[in-house]
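Q: Show me the folded form of this:
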Amino acid sequence: MMASWKVPGLGIVAQKANEHRLLVFFGLVTSISAALFEGGTVGLIAVGASVIINDSVEPIVLLVEPHSKVLSDVVSAYSPDKLFLLLILVAVSAQVFRSGCQYASKYLALKLGAIVSRDLQARATSHVMQLSYSDVTQYPVGEINTLIGYSGVFSSVIQIVSNGLLAGVLLITYIGIMLLTSVEMTLGALVLVIILSVCMQRVVGLIRQYGNFVADKSVEIGRITIEYLSAPRLIRIFHHEKSATREINDARKEVIDVQLKGKVISAAFQPAVEVLTMLGVGAFLVIVYSLSVGALRTSLPAILVFLYVLNRLMPQVKTLNQCRMGFASAAKTMAKATEFLDVTEKRFTRIGGESVPAGKLRLELTDVVYRYDRASQNALDKITLSFEEGEYIAVIGGSGAGKSTLIDLILGLISPSAGCVTINGRSLETLDLASWLDQVGIVDQHYFLLNDTIARNIGFGREWVTEEDIVQAAKLANAESFITKLEDGYQTYIGNDGHGLSGGQRQRIALARALVGQPRVLILDEGTNALDNESEQSVLKSLREIRKDRIVIVVAHSLATIADADRIAVLDKGCLVEIGAHHELLEKKGSYEKLWERSSPLNRTNRN
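A: The predicted structure is shown next:
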């Protein structure tokens, strides 16, 4: 029975309860008050029943006289009828207060649950945003979304705890009243409760099993749903609509079927409890009747009170059993949420550190080695490379050469396995990463545009930029011409990921975003590959004009666009195999020359 209460994640519930202990305190006070008023109600009903059945106040006088002479005199002044009505009136008043306290208890639990749900989901979101790039990319997007949602399960758990606490306090109150009424009858009633608890054990096991399945499957559903919804073009190109729909619906059907099984079992348990309860009450009445033939020491008022209390007790037993089922159902979800929120063995984005050194910028990689987790070989191997302010440097190489890894190291998204990256002689590991990234502009291979205005897309992440800065960046990116032709200009809303714009227009907006903050380092990772020749030449001309006071790094497959770079670094299988100007590398007749001639037949004759 106790195993069902050993649920991972209760430590988080306890932690949040401690943070909001005032709410918890008043919740306990209102729960206990509700139980006390309930006990008072039952006691008053018992006294009223004794008065009306015996048609005398004498037993009540004898009961209270040893404790209060004044109260016994007050009781003696009433006739049985009037005292009965007074007792019922007070009992009803006590029940009103009991209901008010119970409502207050539930309200406080709901409020605490809402606060905890908000706090933990905010914590989960912050957790994702602060995870290191290496760690966060190990989670599929849909899975992260589901796990953040799982943090809300703690709100339900608080409701379960609150309901269980109130039911437990009331249960203790009822058992106390029953013991005062008749120890023998109470022991008989407890046999019924024990039978129900034993029957419940198997039900709890099944509910836990179903809950585990639903928690695991829901993560999978979240993953495939987000993946498919994020790729509408791909799905339609490959006629995958029916297969995607079937895959999502089949997974959902499995979850719904298992949830239905759990609900059917829970629904069947309630009628079973009621049948067992009626059988127990029936057996109890038969025993009482048989005893009444002989020497029955229990009075009729006591029997009526006992039956009333027993009737009030059974719903609390039901609530406690529902709490057990609730814990069992939520166990796996809580475990997954707790594991996700756990910071152990997770890497986070570095916060704080030294400011980026002033002066002319120099970026260096010295004997840098990088190997991805679970990889068998290095992605980069002993790379030594420097970048000076005012330089235009191109990085080229085949697929898997290590170009993207090199860029991630420069950005500080990943840390070297060996060697170091330095800015003006200071290790990037010791610098404030946020201040460094504020000085870097980048156009990724897979640039992302928000479902927002063009202006907000260009100014993304640069809250300090002005409207003039946005316009100037758009001009440098050769985007001003098409933006001004739109009906709402810079305030034009574009669809998700730039839906409605051409590939070249999307790339120009991404390029303007990279330029808007006046970065000291500009990185174009295939940043002009979607532009037509005229736009590309215009952008390259702008880059030549602005590179005098910044570092420009271009990763490109089209070698014709980087022939005028100050230096060209050639990577192959993670190694820096060549570096130099275009004409120098051609004269070496090495890897670069082969790539140059392979890139276009015209390059065989046009070698300068």
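
Q: Mind giving me the packing neighbours of the helix or strand in which residue 327 is found?
A: Using DSSP states H and E, residue 327 maps to helix 300-341. Counting contacts by 3 or more CB pairs under 8 Å, 6 or more residues apart in numbering; DSSP states H and E, helix 300-341 packs against helix 10-19, helix 21-54, helix 80-130, helix 141-150, helix 153-181, helix 183-229, helix 241-293. C-beta: built from backbone N, CA, C; applies to glycine.

Q: Next, the angle from the third one to helix 141-150.
A: By that I understand helix 80-130. With axes from the mean of the first three to the mean of the last three CA atoms, to 10 degrees as the basis, helix 80-130 and helix 141-150 are set at 150 degrees to each other.

Q: Repeat that for the second one.
A: Angle between the axes of helix 21-54 and helix 141-150 is 50 degrees (criterion: the same axes, to 10 degrees).

Q: Point out where the stretch 101-250 of the chain drops to low pLDDT.
A: Flagging of the stretch 101-250 of the chain using pLDDT under 70 yields the residue ranges 196, 200-201, 204, 230-239.

Q: quick one, domains of this protein?
A: Here the domain parsing of the chain from automatic domain parsing is 2-341, 362-581.

Q: Dump the helices and strands packed on helix 300-341 to a markdown table, plus distance to residue 420 and mean neighbour count.
A: As requested, the helices and strands packed on helix 300-341 are exported to a markdown table (distance: least, CB to CB, whole Å; neighbours: other CB atoms under 10 Å):
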| stretch | distance to residue 420 | mean neighbour count |
| --- | --- | --- |
| helix 10-19 | 39 | 15 |
| helix 21-54 | 48 | 19 |
| helix 80-130 | 24 | 17 |
| helix 141-150 | 31 | 20 |
| helix 153-181 | 42 | 20 |
| helix 183-229 | 37 | 17 |
| helix 241-293 | 46 | 13 |
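
Q: Kindly reformat these as JSON lines containing distance to residue 437.
A: As requested, the helices and strands packed on helix 300-341 are exported to JSON lines (distance: least, CB to CB, whole Å):
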{"stretch": "helix 10-19", "distance to residue 437": "32"}
{"stretch": "helix 21-54", "distance to residue 437": "40"}
{"stretch": "helix 80-130", "distance to residue 437": "14"}
{"stretch": "helix 141-150", "distance to residue 437": "22"}
{"stretch": "helix 153-181", "distance to residue 437": "34"}
{"stretch": "helix 183-229", "distance to residue 437": "27"}
{"stretch": "helix 241-293", "distance to residue 437": "36"}
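
Q: Could you give the backbone dihedrals for the nearest residue to residue 571 once chain neighbours are set aside?
A: Among residues not flanking residue 571 along the chain, residue 397 sits closest, at 3.6 Å (CB to CB, 6 or more residues apart in numbering). Dihedral pair for residue 397: phi 160, psi 160, per degrees, to the nearest 10.

Q: For residue 397, give me its contacts.
A: Taking CB atoms under 8 Å, 6 or more residues apart in numbering as the criterion, residue 397 is in contact with 403, 570, 571, 572.

Q: Name the nearest of the residues you listed relative to residue 49.
A: Residue 49 lies nearest to residue 403 out of the contacts of residue 397, by CB to CB, at 88.2 Å.

Q: Hmm, that closest one is touching residue 394, no?
A: No - the criterion here is CB atoms under 8 Å, and residue 403 misses it with residue 394 at 10.3 Å.

Q: Please enumerate the shared neighbours of the two.
A: Residues touching both residue 403 and residue 394 (CB under 8 Å, 6+ apart): residue 555.

Q: Name the stretch from the domains of the chain where average model confidence is lowest.
A: Lowest mean pLDDT of these: domain 2-341, a mean of 76.

Q: what residues are up against the residue sitting nearest the centre point of the chain?
A: With the centre of the chain defined as its mean C-alpha position, the nearest residue by CA atoms, centre = their mean is residue 148, 1.4 Å away. Residue 148 makes contact with 121, 124, 125, 128, according to CB under 8 Å, 6+ apart.

Q: ditto for residue 541
A: Residue 541 touches nothing, counting by CB under 8 Å, 6+ apart.

Q: any idea which element it lies in?
A: helix 533-546.

Q: cool, residue 384 as well?
A: strand 380-388.

Q: which other residues reach that strand?
A: Contacts for strand 380-388 (CB under 8 Å, 6+ apart): 360-370, 393, 402, 405-406, 409, 419, 521, 551, 553, 569, 574-576, 579.

Q: If we go by neighbour counts, what in that strand is buried?
A: 380, 381, 383, 385, 387 (16 or more other CB atoms under 10 Å).

Q: Output those as TSV; include the columns distance to residue 249.
A: Listed next are those as TSV, based on distance: CB to CB, whole Å:
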residue	distance to residue 249
380	44
381	47
383	49
385	51
387	52
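
Q: Widest-spaced pair of the residues you listed?
A: Maximum distance among the buried residues of strand 380-388 (CB to CB): 19.3 Å, for 381 and 387.

Q: can you put the contacts of residue 148 in CSV and add distance to residue 46?
A: Shown next, in CSV, are these (distance: CB to CB, whole Å):
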residue, distance to residue 46
121, 49
124, 52
125, 55
128, 58
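
Q: And these, which two are furthest apart?
A: Largest pairwise distance in the contacts of residue 148, by CB to CB, is 10.8 Å, between 121 and 128.

Q: what sits against residue 320?
A: Per CB under 8 Å, 6+ apart, neighbours of residue 320: 164, 167, 168, 171.

Q: if I look at the third one, how far off is residue 332?
A: As judged by CB to CB, to the nearest Å, residue 168 and residue 332 stand 25 Å apart.

Q: Filter the contacts of residue 397 down to the buried ones and express that as a ChimeraX selection.
A: Burial among the contacts of residue 397 is assessed by 16+ other CB under 10 Å; the matching ChimeraX selection reads:
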select :403,570,571,572
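
Q: Show me which of the contacts of residue 397 is closest to residue 593.
A: Using CB to CB, the contacts of residue 397 come closest to residue 593 at residue 570, 10.0 Å.
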